[in-house]
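> here are the coordinates; sequence isn't available:
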């Protein structure tokens, strides 16, 4: 089912990081007014509804059949777990710094892709990935006292995110992306539904308030998350995991921009140094991928 096209895959990955950063910014803002369960249940329910309509229109009822239900269930569980951990992390730290910690995952993914996915990883690509990793460390600066114990939650999210990306890369060449996206939304919604029922008073209160602004943000979060993860699946179907992971570092730059625009938080000098290293590593990897295709 794969159709190799590294250039298109790179554009999809970068676009997905922009959408994820915008989604995180909207989620962080709404977290000051609404509960985590309400925001995330709405996000996944919207995704399930939107993708169900797409699947029915594109493939009919047969589009809901999956040959790998266990992988679909695991992917949905991991994605919902990442969302919960991210929600709590962003309530305790700036968006750019949280994203930098999450971006430690490409090192784990690159190592695992050679072992689990049988992808060939050259020395130069390893060097570029580690260069991006070093830039991330400069942004975080362990031991600086900036975060303390709160850093444990995003670190856990980073490990879960690595597993999620690996499973996504496998499903990308085994299943239709629309089907995968539907099940991710459906499973996330189903997992959160029992908790949502316990907080039904908040849902009823929100409906009664008719707050168009917050309702629009909830809808935006659902659309951004759905399209972003769909682009992620499609990118993995067009290029190898180790080739694409360095480009996910672009999310740090987008997160810094969102943090500055919407929360008036600008990274300091050393954070910018780290992000410049990350951008250089991604650019060099792009050049390497293009050169190997010519």
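Received, thanks. All values reported here derive from a predicted model rather than from experimental measurement.
> after the lowest-mean-pLDDT helix or strand in the chain comes which helix or strand?
Using mean pLDDT, DSSP states H and E, helix 105-116 stands out as the lowest-scoring helix or strand of the chain, at a mean of 65. Per DSSP states H and E, the first helix or strand lying C-terminal to helix 105-116 is helix 123-140.
> Neighbours of residue 275, how many?
24 (other C-beta atoms under 10 Å). Just so you know, the C-beta spots here come from the backbone N, C-alpha and C atoms, and that holds for glycine as well.
> Do I have it right that it meets residue 253?
Yes - with contacts counted by C-beta atoms under 8 Å, residue 275 reaches residue 253, the gap being 5.7 Å.
> Residue 262 and residue 30 touch, don't they?
No - between residue 262 and residue 30 there is no contact under C-beta under 8 Å: 11.7 Å.
> out of the two, which sits in the more crowded spot?
Set residue 262 next to residue 30 and count neighbours by other C-beta under 10 Å: residue 30 wins out with 21 against 14.
> got a list of what residue 99 touches?
The contact partners of residue 99, by C-beta atoms under 8 Å, 6 or more residues apart in numbering, come to 21, 24, 251, 252, 255, 256.
> Tell me how far the fourth one lies from residue 66.
It stands for residue 252. Relative to residue 66, residue 252 is positioned 34 Å away (C-beta to C-beta, to the nearest Å).
> The residue lying closest to residue 19 once chain neighbours are set aside: which element?
Leaving out its chain neighbours, the residue that sits closest to residue 19 by C-beta to C-beta, 6 or more residues apart in numbering is residue 228, at 3.6 Å. Using DSSP H and E, the element containing residue 228 is helix 212-236.
> For that helix, name the packing helices and strands.
Contacts defined by 3 or more C-beta pairs under 8 Å, 6 or more residues apart in numbering; DSSP states H and E place helix 212-236 against helix 6-30, helix 36-59, helix 152-171, helix 177-198.
> Which strands or helices does the longest one pack on?
So the one you mean is helix 6-30. So helix 6-30, by 3+ C-beta pairs under 8 Å, 6+ apart, packs with helix 36-59, helix 69-90, helix 95-102, helix 212-236, helix 241-244, helix 250-263, helix 269-293.
> Run the chain-centre distance for it.
7 Å (C-alpha atoms, centre = their mean, to the nearest Å).
> ok, now stretch 65-81?
Distance, stretch centre to chain centre, for stretch 65-81: 16 Å (C-alpha atoms, centre = their mean).
> Buried residues in that stretch, which are they?
With burial defined by 16 or more other C-beta atoms under 10 Å, the residues of stretch 65-81 counted as buried are 66, 68, 71-81.
> Using JSON lines, lay out those together with pLDDT and distance to residue 126.
Output for these, formatted as JSON lines (pLDDT from 0 to 100; distance: C-beta to C-beta, whole Å):
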{"residue": "66", "pLDDT": "91", "distance to residue 126": "35"}
{"residue": "68", "pLDDT": "91", "distance to residue 126": "30"}
{"residue": "71", "pLDDT": "91", "distance to residue 126": "28"}
{"residue": "72", "pLDDT": "93", "distance to residue 126": "32"}
{"residue": "73", "pLDDT": "94", "distance to residue 126": "33"}
{"residue": "74", "pLDDT": "94", "distance to residue 126": "28"}
{"residue": "75", "pLDDT": "93", "distance to residue 126": "27"}
{"residue": "76", "pLDDT": "92", "distance to residue 126": "32"}
{"residue": "77", "pLDDT": "94", "distance to residue 126": "31"}
{"residue": "78", "pLDDT": "94", "distance to residue 126": "26"}
{"residue": "79", "pLDDT": "91", "distance to residue 126": "28"}
{"residue": "80", "pLDDT": "92", "distance to residue 126": "32"}
{"residue": "81", "pLDDT": "93", "distance to residue 126": "29"}
